[in-house]
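# What would the 3D arrangement of this be:
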Amino acid sequence: MKRNLFIISGSGDTFVWFRMELISELMNRGYCVFALAPNISASSKQTLSDQGVEFLQIGMQRKSFDILNFVTAFFEIIKIYWRYKPEIVLPYMHKSILLSSVAAIFFPKIKVYPMITGLGHLFERQSLKFTLIRSFMLIFFKLAFFKASKVFFQNPDDLELFLQRYSLLSKKKCVLIPGSGVNTEKYTVTPLPDTPIFMTMARLLESKGLREFAMAAKTVKSRFPKARFLLYGYPDPHDDAISEEEISQTWFDTYGVEYRGFAEEPAEAIASCSIFVLLSYREGTPRTVLESMSMGRPIITTDVPGCRETTINSFNGFLVESHNADSAAQAMEMLCDTRLRNTMGVNSRALAEQKFDVHKVNRIILTAMKLC
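Numbers count the residues shown, from 1 in each chain. Next up is the predicted model:
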């Protein structure tokens with residue numbers, strides 16, 4: 001008999017970007033894997049199809065909260081469960097977790113394993129609007145975690161928030177994993193460019209620390225004229241979105257930041273830099289940082305939940321103060337030293353292999369699911 005397994009997300013492209021190794025592991029264990037999301041690019045859908053994964057589109061809004069859409073998507077998922085009868089459901093991103101887990105309450109045989117990959121604006125924003133929505137959503141999180149067999153967290157800060165502050169689940173259900181992991185065989189070490197080339201890669205949001213990156217670049221450029229600053233990213237409609245037009249048309253002249261657009265091949269983009277920078281305000285565990293570490297790049301990132309898990313200060317890079325361009329600039333200036341860059345790059349690769357290798361991460365997940 002066919003054993004169906006659902007992996008559910010708010011963005012279909014993330015299956016290909018972050019989950020292919022896990023999907024392969026699950027298929028090797030005899031599961032027929034279905035990927036569910038509200039949207040997906042044609043290339044990502046083809047990649048899934050080539051691997052034998054069927055994509056099912058669901059009418060769930062990823063960004064805004066609409067009660068009618070929430071209810072409609074809930075009943076849509078119930079219908080899909082009834083038709084395909086999955087044995088296991090692996091959801092990540094908040095709405096995916098809430099809808100799929102609560103719907104699974106009506107199907108006693110389904111085992112649900114939510115993965116918290118970050119807090120998102122739902123928990124970070126403190127406005128009246130987000131406070132009200134969060135209060136409503138916390139009820140559903142309680143129900144979702146009641147159904148869950150285990151809940152995976154990518155950093156200890158998020159785990160403690162859900163466990164202690166909100167009391168949403170018991171400690172015995174919590175499993176801490178080091179992010180999504182990185183394929184160290186795919187992201188191999190490449191030589192560092194001779195000159196200091198700083199790069200960041202992120203959605204075009206203020207919360208990714210892009211303005212701090214730009215201001216730090218301007219400061220460092222005045223002292224180290226040969227230094228370069230690259231930004232790879234893509235627009236994402238959010239309250240804190242930065243216009244792609246602003247970045248592409250003004251940031252080079254104003255800050256010395258070269259905008260490169262969306263990175264079709266992240267490994268090639270990382271190979272072009274000598275230092276990777278992510279000045280985000282909070283993360284789950286940033287995959288771009290792990291990929292850069294695996295390729296032997298020193299890291300500059302913020303001392304905030306998720307980001308701080310990736311970097312041992314003064315070992316494989318520097319932890320800097322969040323929202324502080326001067327702190328970032330000081331770390332950048334230190335890494336203009338060639339010898340220090342090379343040493344920290346070697347240390348980054350060693351840490352990636354030791355702690356963040358995707359096969360080690362997947363083994364933790366599969367063991368918690370009693371599949372390993």
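# what's the least confident helix or strand in the protein, going by average pLDDT?
Within the chain, no helix or strand scores below helix 120-124, which has a mean of 71 by mean pLDDT, DSSP states H and E.
# Do you have the strands of this structure handy? List them.
Using DSSP state E, the strands of the chain run over 3-8, 31-37, 54-57, 88-91, 111-112, 115-116, 151-153, 174-176, 197-203, 228-234, 257-261, 275-278, 299-302, 317-320.
# Tabulate the ones you listed (JSON lines), appending mean pLDDT and mean neighbour count.
Every C-beta, even on glycine, is put in place using the N, C-alpha and C of the backbone. Putting these into JSON lines (pLDDT from 0 to 100; neighbours: other CB atoms under 10 Å) gives the following:
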{"stretch": "strand 3-8", "mean pLDDT": "98", "mean neighbour count": "22"}
{"stretch": "strand 31-37", "mean pLDDT": "98", "mean neighbour count": "22"}
{"stretch": "strand 54-57", "mean pLDDT": "98", "mean neighbour count": "15"}
{"stretch": "strand 88-91", "mean pLDDT": "98", "mean neighbour count": "25"}
{"stretch": "strand 111-112", "mean pLDDT": "98", "mean neighbour count": "23"}
{"stretch": "strand 115-116", "mean pLDDT": "96", "mean neighbour count": "23"}
{"stretch": "strand 151-153", "mean pLDDT": "97", "mean neighbour count": "24"}
{"stretch": "strand 174-176", "mean pLDDT": "97", "mean neighbour count": "16"}
{"stretch": "strand 197-203", "mean pLDDT": "98", "mean neighbour count": "23"}
{"stretch": "strand 228-234", "mean pLDDT": "97", "mean neighbour count": "21"}
{"stretch": "strand 257-261", "mean pLDDT": "98", "mean neighbour count": "17"}
{"stretch": "strand 275-278", "mean pLDDT": "98", "mean neighbour count": "28"}
{"stretch": "strand 299-302", "mean pLDDT": "98", "mean neighbour count": "28"}
{"stretch": "strand 317-320", "mean pLDDT": "98", "mean neighbour count": "25"}
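# Out of those, which is closest to residue 189?
Distance to residue 189, taken as CB to CB, is lowest for strand 275-278 among the strands of the chain, at 13.4 Å.
# From the chain's centroid, how far away is that closest one?
Its chain's C-alpha centre and that of strand 275-278 lie 15 Å apart, by CA atoms, centre = their mean, to the nearest Å.
# Which secondary structure elements does that strand sit against?
Packing partners of strand 275-278 (3 or more CB pairs under 8 Å, 6 or more residues apart in numbering; DSSP states H and E): strand 197-203, helix 287-294, strand 299-302, helix 325-334.
# still on that earlier bit, make TSV from the strands of the chain and add distance to residue 164 to it.
Converted to TSV, the strands of the chain look like this (distance: least, CB to CB, whole Å):
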stretch	distance to residue 164
strand 3-8	27
strand 31-37	31
strand 54-57	36
strand 88-91	23
strand 111-112	22
strand 115-116	14
strand 151-153	12
strand 174-176	11
strand 197-203	29
strand 228-234	34
strand 257-261	40
strand 275-278	27
strand 299-302	23
strand 317-320	24
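# quick revisit: now tabulate the helices and strands packed on strand 275-278 in TSV and tack on distance to residue 357.
Shown next, in TSV, are these (distance: least, CB to CB, whole Å):
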stretch	distance to residue 357
strand 197-203	21
helix 287-294	8
strand 299-302	17
helix 325-334	26
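# So which of those is nearest residue 175?
Judged by CB to CB, the one of the helices and strands packed on strand 275-278 that comes nearest to residue 175 is helix 287-294, at 18.6 Å.
# can you list the residues that contact that closest one?
17-18, 179-184, 187-189, 201-202, 266-267, 270, 273, 276, 278, 299, 301, 307, 310-311, 316, 348-349, 351-353, 356 (CB atoms under 8 Å, 6 or more residues apart in numbering).
# that older thread, the strands of the chain: which one's closest to residue 215?
Residue 215 lies closest to strand 257-261 among these, at 9.8 Å (CB to CB).
# Among the contacts of helix 287-294, name the buried ones.
By neighbour count, with 16 or more other CB atoms under 10 Å, the contacts of helix 287-294 hold 18, 179-184, 187, 189, 201-202, 266-267, 270, 273, 276, 278, 299, 301, 307, 310-311, 316, 348-349, 351-352, 356 as buried.
# residues near residue 239, how many?
13 (other CB atoms under 10 Å).
# Give me the distance from the longest helix belonging to the chain to the chain's centre.
As assigned by DSSP state H, the longest helix anywhere in the chain is helix 128-147. On the basis of CA atoms, centre = their mean, helix 128-147 sits 21 Å off its chain's mean C-alpha point.
# With stretch 111-128 instead?
Put simply, stretch 111-128 sits 12 Å off its chain's centre (CA atoms, centre = their mean).
# likewise stretch 297-311?
Chain-centre distance of stretch 297-311: 13 Å, with CA atoms, centre = their mean.
# Same question for stretch 48-60.
Distance, centroid of stretch 48-60 to centroid of chain: 20 Å (CA atoms, centre = their mean).
# And for that stretch, what's in contact with it?
Residues outside stretch 48-60 that contact it (CB under 8 Å, 6+ apart): 8, 10, 12, 15-16, 20, 23-24, 27, 33-40, 45, 69, 72-73, 76-77, 80, 95-96, 99.
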